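K.L.:
sequence unknown, structure follows:
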């Protein structure tokens with residue numbers, strides 16, 4: 001039996017035939033999950049730009065930017081492993097933090113204390129209103145999995161969905177093999 005309990009620090013995997021283009025084969029890191037709603041970031045949908053393309057006066061880090069989700073796509077968020085250095089960071093799980101003091105972040109990057117190996121930037125986020133995610137879970141839209149630091153910082157993003165499914169084992173190993181584009185003869 002699988003663990004279907006959603007908590008901060010878990011990942012949601014879109015079911016393999018989800019039609020919503022925002023979440024097709026998405027791996028979403030959950031940063032908040034309360035009775036009032038849920039928030040996370042899609043880890044495996046990179047955009048063709050760097051943070052320096054988006055923010056002119058940002059220190060040179062050339063870190064890629066990811067599509068965090070369809071909500072407030074005019075905002076930039078960041079997840080990192082430097083919570084011990086960056087004030088106001090929110091711990092998502094051991095070794096993974098969300099946000100923090102933006103001016104201090106720029107100083108840490110300028111001084112080489114945070115590099116692109118330590119941080120991921122996101123445009124927008126994935127959000128669910130009260131009980132919306134619970135309803136989607138009942139419908140079978142999502143699979144809950146444990147988060148691993150490697151998913152965020154050391155995994156090839158194009159393979160992330162199938163890699164996480166594979167790590168779950170059992171029937172999920174079979175689901176991981178389902179091709180993204182199915183054609184029928």
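P.N.:
All right, it came through fine. The model shown is predicted, which means the values in this text are computed figures rather than measured ones.
K.L.:
shaky segments in the chain?
P.N.:
1-4, 155-156, 173-174, 176, 179-185 (pLDDT under 70).
K.L.:
what do you get if the cut-off is 50, keeping everything else the same?
P.N.:
Low-confidence regions of the chain, defined by pLDDT under 50, span residues 1-3, 185.
K.L.:
so which residues of it form helices?
P.N.:
51-54, 102-110, 132-139, 149-153, 160-168, 171-175 (DSSP state H).
K.L.:
check those helices for me and report the most buried one.
P.N.:
helix 160-168 (a mean of 20; mean count of other C-beta atoms under 10 Å). All C-beta spots, glycine's among them, are computed from the backbone N, C-alpha and C.
K.L.:
for that one, which helices and strands make contact with it?
P.N.:
strand 10-14, strand 27-34, strand 142-146, helix 149-153, helix 171-175 (3 or more C-beta pairs under 8 Å, 6 or more residues apart in numbering; DSSP states H and E).
K.L.:
surely residue 49 touches residue 66?
P.N.:
No - using C-beta atoms under 8 Å, residue 49 is not in contact with residue 66, being 10.0 Å away.
K.L.:
so the two - more neighbours on which side?
P.N.:
More crowded of residue 49 and residue 66, by other C-beta atoms under 10 Å: residue 66, with 22 against 13.
K.L.:
okay, and the beta partners of the more buried one?
P.N.:
Residue 66 forms beta bridges with residue 46, residue 122, as assigned by DSSP bridges.
K.L.:
same thing with the one 10 residues further on?
P.N.:
Assessed by DSSP bridges, residue 76 has beta-bridge partners residue 123.
K.L.:
so what's the residue count around residue 145?
P.N.:
Per other C-beta under 10 Å, the neighbour tally for residue 145 reads 19.
K.L.:
and it, what does it touch?
P.N.:
Residue 145 makes contacts with 10, 11, 12, 13, 164, 165, 167, 168, as judged by C-beta atoms under 8 Å, 6 or more residues apart in numbering.
K.L.:
in JSON lines: those residues, plus distance to residue 153.
P.N.:
Below are the contacts of residue 145 laid out as JSON lines (distance: C-beta to C-beta, whole Å):
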{"residue": "10", "distance to residue 153": "17"}
{"residue": "11", "distance to residue 153": "14"}
{"residue": "12", "distance to residue 153": "19"}
{"residue": "13", "distance to residue 153": "18"}
{"residue": "164", "distance to residue 153": "14"}
{"residue": "165", "distance to residue 153": "19"}
{"residue": "167", "distance to residue 153": "16"}
{"residue": "168", "distance to residue 153": "20"}
